[in-house]
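>>> sequence first, predicted model second:
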Amino acid sequence: MGIQEEFIQELKSRTDIVDVVSSYVNLKKAGRNMVGLCPFHNEKTPSFNVSRENAFFHCFGCGVGGDVITFIKRIENLDYVDAVKFLAQRAGMSMPEDNGRSSGYTDLKNRIYEANREAARFYHKQLYTPQGRQALEYLRGRGLTEKTIIHFGLGYSPQSRFELVNYLKGKGFSNAELVQANLANLSQRGYPFDRFSDRVMFPIIDLRGNVIAFGGRIMSDIKPKYLNTSDTPVFNKSRNLFALQFAKNKANGQLILVEGYMDVIALHQAGFENAVATLGTALTNEQAMIIKRYCDEVVICYDSDEAGQKATARAIPILRDTGLHIRVLTVPNGKDPDEYIKNYGEQGAARFRMLLDKSGNDIEFRLSKLRKRYNFELTEQRIEYLTEAARILSELDNSIEQDVYLSRLAEELNVEKTAVKNQMQKFRRRNIREAQKQERRNIQDTISARNDKINNEKFYNLRAANAEEALIALMMTNPDIAQSVFSQLPPEKFITSFNRKVYEILKKYAESGGEFTLTDISGEFSNDEVSQIAKILASHPRENDPEQAAREYLSVLEEENDKLTPEQIAAADTQTLMEQLQKLKEKKK
């Protein structure tokens, strides 16, 4: 969609990036900027900066950054146009007419949403046909009421591999759209056929009410038992949670994390409407950060079998790193929540509530699991247990919490509390040293640009690239000097390709009479590239004398260009240029 420049300018004037970001992140004043904990990665020390003055954000921890549109794109998982729509609605503005200039990608996403919505309706109707009787009986046999079946939009995919395809093609959807929505696969001859066959269908719905994917449980013995939509332009299984659209409104500070669709549905039906589940994969960092947005405490309620306990152990550090308070609920006798509630009939919900109220935190779960590995009758194993327990406690930041568990351990095995504490502090000092080493390595990598994936030429041209970046930041924060720079410095004088691209786009916007803040130009770049530009802005504060600074950076670029031959400067292929520069460096040695 070609959004009018005038509309973007008006949206900018009505949108304060600090106000927008503050609705997701707790920000505090720090000099000229605002800082907080990054919503895009796990951190304990705030490294997420927001500049109201220059209208951008940047995290020095994970490198994510951009303007307010980029922020909404990332945190709400939207494309550029939908992010603009989101902000426009927030600002009370109506989007301008499309005028037939919609982008193909946006059109495709809209078509996939429509196809998924029609597919969900089709599957739900099939549940009440003769061929869907077995699936309906299965759901009723699992104790689901008609109200619950309708509430979650449950359905059935017919055994025939062409019914959904034919239905959707009759609605005007093309073969390509059905394949890209992952509702159909292509045969060897290129004919589409239904991806899901003879399965109970669970629609996956995003926070805006769009059907974005499906999960299907097979009605026969064919494997896999569960089949899920693969990633599509509207769905990423690592960034979504089943039933979050319902649970977020019932969270009240707490979410219950379970393994499967049926566990979620059974809990919701029993009154625990704050339950969510991952989508056929282990918990991801992205999902943990999403959970953090809607609660302060998460109760892990995975199956109590070996696989469920392993999944719990993997999920704990991911959730703990977000700062969430964690509790672990283990259902007795190897049952899952669905089975447990069903087995106790009318008392199921009350019995589950008792388990929920008695659930311990994640440290108790880890210590309990560790305890089962050792025979305390043997001195060597008692020592090993206490050593490993001290290692677990060393990860705690709360000294009171540490002291409580140290006292318990000492009493449990009749040892001096001081001895266990000393061992814990030894591990803690080691953890701190490792963290400091890693931080130093990260700083060195950042300074040297060794791992710069966006501007991979910077490592070989560090002085020139730093001058280029400083000049870009200077022009974007002091647009009044831009014309002077453009007149003195042609784009080909830029040595690194990415910085040259940024400079050329700034020049293009200036020549057309437009502005070139990060919001203005963000539509020209990918999310990662916008983050790179935000990093450039964040790394170069405003200069007291912009004109003098510009002369210095121009001088550096002139000197660096003089070191290269005309052939090297004119080299169009990035890899070729890098190879030539490397040879030049080797000759100088």
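Structure's in. What do you need? Numbers count the residues shown, from 1 in each chain.

>>> contacts, neighbours, all on C-alpha from now
OK.

>>> can you tell me what sits against the one helix or strand A410 maps to?
Element membership for A410, per DSSP states H and E: helix 399-413. Identification of contacts with helix 399-413 by C-alpha atoms under 8 Å, 6 or more residues apart in numbering yields R382, L386, L393, S394, L396, E416, K417, V420, K421.

>>> can you point out the buried residues in the helix or strand where the last one lies?
Secondary structure assigned from DSSP H and E places K421 in helix 417-448. Buried residues in helix 417-448, counting neighbours by 16 or more other C-alpha atoms under 10 Å, are found at K417, V420, K421, Q423, M424, F427, R428.

>>> same thing with stretch 244-262?
244-248, 250-251, 254-262.

>>> just checking, which of the residues you listed belong to helices?
L244, Q245, F246, A247, Y261, M262 (DSSP state H).

>>> list the contacts for G360?
R327, V328, L329.

>>> tell me the bridge partners for it.
V328 (DSSP bridges).

>>> any idea of the mean pLDDT for the helix or strand that contains L168?
For L168, the enclosing helix or strand under DSSP H and E is helix 163-170. In this model, helix 163-170 carries a mean pLDDT of 97.

>>> mind starting the numbering at 280 from now?
Got it, first residue is 280 now, which makes that one helix 442-449.

>>> which other residues reach it?
A394, E397, A398, F401, S436, N454, L457, L462, A463, P471, F472, D473.

>>> ok, those residues vs F481, which is closest?
The nearest member of the contacts of helix 442-449 to F481, counting by C-alpha to C-alpha, is S436 at 10.3 Å.

>>> give me the pLDDT for S818.
For S818, the model assigns a pLDDT of 87.

>>> count of neighbours near it?
As a burial measure, S818 scores 14 neighbours (other C-alpha atoms under 10 Å).

>>> wait, what's in contact with it?
Per C-alpha under 8 Å, 6+ apart, neighbours of S818: none.

>>> ends of stretch 719-735, what's the gap?
21 Å (C-alpha to C-alpha, to the nearest Å).

>>> what average pLDDT does it get?
On average, stretch 719-735 scores 76.

>>> can you list contacts of that stretch?
With C-alpha under 8 Å, 6+ apart, stretch 719-735 has contacts from K737, F738, L741, T775, S776, F777, N778, D807, E808, Q811.

>>> out of these, which comes closest to F631?
Among the contacts of stretch 719-735, and counting by C-alpha to C-alpha, the member closest to F631 is D807, at 44.8 Å.

>>> how many residues are close by the residue nearest to E748 when sequence neighbours are not counted?
Using C-alpha to C-alpha, 6 or more residues apart in numbering and skipping residues adjacent in sequence, the residue nearest E748 is I815, 6.0 Å away. Using other C-alpha under 10 Å, I815 has 21 neighbouring residues.

>>> separation between I815 and I751?
Counting by C-alpha to C-alpha - I815 and I751 are separated by 8 Å.

>>> run a quick neighbour tally on A828.
Neighbours of A828 using other C-alpha under 10 Å come to 15.

>>> spit out the contact partners of it.
E822 are the contacts of A828 under C-alpha under 8 Å, 6+ apart.

>>> and it, how far is that from K637?
64 Å.

>>> poorly predicted segments of the stretch 630-779 of the chain, please.
722, 725, 727 (pLDDT under 70).

>>> sorry, back to before: among the contacts of helix 442-449, who's most crowded?
Going by other C-alpha under 10 Å, S436 tops the contacts of helix 442-449 with 30 neighbours.

>>> pairing partners for that residue in the sheet, please.
Bridge pairing for S436 - DSSP bridges - gives R478.

>>> so it makes contact with F481?
No - when contacts are counted by C-alpha atoms under 8 Å, S436 is not listed as touching F481 (10.3 Å).

>>> how about the contacts made by R496?
R478, V479, M480, K504, Y505, L506.

>>> follow-up on the earlier one: name the nearest of the contacts of helix 678-692 relative to E285.
E285 has its nearest neighbour among those in L675, at 52.1 Å by C-alpha to C-alpha.

>>> can you report how many residues neighbour the residue lying closest to that closest one once chain neighbours are set aside?
Ranked by C-alpha to C-alpha, 6+ apart and with sequence neighbours excluded, the top spatial neighbour of L675 is Q681, at 6.5 Å. For Q681, the count of nearby residues is 18 (other C-alpha under 10 Å).

>>> what does the pLDDT read for the residue nearest to M541 when sequence neighbours are not counted?
Spatial nearest neighbour of M541, chain neighbours left out: D617 (6.6 Å); criterion: C-alpha to C-alpha, 6+ apart. With respect to pLDDT, D617 has a value of 91.

>>> do P845 as well
If you check P845, the pLDDT there is 51.

>>> same question, the one 3 residues further on
At I848 the predicted local confidence, pLDDT, stands at 49.

>>> re the thing from before, how close does the residue nearest to L675 sit to R707?
11 Å.

>>> between these two, which contacts overlap?
With C-alpha under 8 Å, 6+ apart as the test, Q681 and R707 both reach S673.

>>> tell me, how many residues neighbour R670?
19.
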